[in-house]
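Colleague: This is a predicted model, with the sequence first.
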Amino acid sequence: MVECRSLPQMCLLGPMPPRTPGRSDAQVPSDASRGESKYGRIAFVYFYQEGVKADPVFGLLDIEIAVQRRGPAAFQFEIYCIGDGYQSGHGSSKPQPLAIEFRSGARTVAKAVWRYPNVLNGHMDALTFSAPIELTDRDFAEIDSVLLPSVNAEATICLE
């Protein structure tokens, strides 16, 4: 078992991208017709063993994040990504869940956490999560970015 840590990542939020033939469709929100949403995509979050920045242990790729109005004062957060277990170990969020901070400028207006499932060695699996999130109408209107701060993870090394 080795301890790993991610580097912080962030993205701006905006409308869902339109459907086009050359790009995969947005995976979140799961039902865009249910209400206004804000959408963002982070290319990757990799987890590195302490002192070994050149060789990630596992990662989360093509992270799509959406926050959607689901009614008066009701909001839903959704995340979709690919668990990238291409390296030599299984990754786990057991030490600390992935943290998601919804921001307006430098101010964090809401936080969510996701204890993602194990990322398996030699797999690229779709991972999803959805949960209510507490926001005011004003906060929802002002949200302009998402920050994924650095978090701890652990990996079981599987050498063949």
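Modeller: Received it, and whenever you're ready, just let me know what you need.

Colleague: can you map out the strands along this structure?
Modeller: Assigned by DSSP state E, the chain shows strands spanning 2-6, 9-12, 37-49, 58-71, 74-84, 89-92, 98-104, 107-114, 124-132, 145-148, 152-157.

Colleague: Can you mark which positions in the second one are buried?
Modeller: Spelled out, it's strand 9-12. Q9, C11 (16 or more other CB atoms under 10 Å). Yep, even glycine has a C-beta here, placed from its N, CA and C like the rest.

Colleague: What of the first one?
Modeller: Across strand 2-6, burial judged by 16+ other CB under 10 Å covers C4, S6.

Colleague: outside of it, which residues touch it?
Modeller: Here strand 2-6 makes contact (CB atoms under 8 Å, 6 or more residues apart in numbering) with 45-50, 57-58, 89, 91, 95, 148, 150-155, 157.

Colleague: so what secondary structure elements neighbour the helix or strand of the chain with the lowest mean pLDDT?
Modeller: Ranked by mean pLDDT, DSSP states H and E, the weakest helix or strand in the chain is strand 89-92, scoring a mean of 82. Where contact means 3 or more CB pairs under 8 Å, 6 or more residues apart in numbering; DSSP states H and E, strand 89-92 is packed against strand 58-71, strand 152-157.

Colleague: Y80 is nearest to which of the ones you listed?
Modeller: Among the helices and strands packed on strand 89-92, the nearest to Y80 by CB to CB is strand 58-71 (4.6 Å).

Colleague: so where's the chain shaky on pLDDT?
Modeller: Applying pLDDT under 70 to the chain picks out residues 23, 87-88, 159-160.
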